[in-house]
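K.L.:
kindly generate the corresponding structure for this input.
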Amino acid sequence: MVRGLATDLTTAHGVQVDPHYDYRADQLRLSWRPGLTGEPSRKTVAAEIAARPLLRPHTKQITLHPTTT
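P.N.:
Have a look, this model is predicted:
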């Protein structure tokens, strides 16, 4: 599910979105470098997660990590 979201975001925004799962903490981190327009923003990615019924129950386990380097 989350890999599909990362792929969809990569396709839609033209930036690489990578999912990283920490099995010990049971946490998933999505990381990406926003494009020149600032998209996808943290708010955009959060909205994409909220729009997916299968991911909605797991929002507390998903950390959004846009990077600038």
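K.L.:
who are the contact partners of the closest residue in space to Arg52 that isn't next to it in sequence?
P.N.:
Sequence neighbours aside, Leu5 is the residue nearest to Arg52 in space, at 6.6 Å (criterion: CB to CB, 6 or more residues apart in numbering). Any C-beta I mention is one placed from the backbone N, CA and C, and that applies to glycine too. Counting by CB atoms under 8 Å, 6 or more residues apart in numbering, Leu5 makes contact with Val17, Pro19, Leu30, Glu48, Ile49, Arg52, Leu55.
K.L.:
swap in Leu9?
P.N.:
Residues counted as contacts of Leu9 (CB under 8 Å, 6+ apart) are Val15, Val17, Leu30, Trp32, Pro40, Val45, Glu48.
K.L.:
report the buried members of these.
P.N.:
By neighbour count, with 16 or more other CB atoms under 10 Å, the contacts of Leu9 hold Val17, Leu30, Trp32, Pro40, Val45, Glu48 as buried.
K.L.:
with respect to Lys60, which of the residues you listed is nearest?
P.N.:
The closest of the buried ones among the contacts of Leu9 to Lys60 turns out to be Leu30 (CB to CB; 13.9 Å).
K.L.:
on the three-state scheme, that closest one is what?
P.N.:
strand (DSSP: H, G, I helix; E, B strand; the rest coil).
K.L.:
rewinding a little: save the contacts of Leu5 as a markdown table, and put in secondary structure and distance to Leu36 too.
P.N.:
Below are those laid out as a markdown table (DSSP: H, G, I helix; E, B strand; the rest coil; distance: CB to CB, whole Å):
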| residue | secondary structure | distance to Leu36 |
| --- | --- | --- |
| Val17 | strand | 16 |
| Pro19 | strand | 23 |
| Leu30 | strand | 20 |
| Glu48 | helix | 20 |
| Ile49 | helix | 24 |
| Arg52 | coil | 27 |
| Leu55 | coil | 28 |
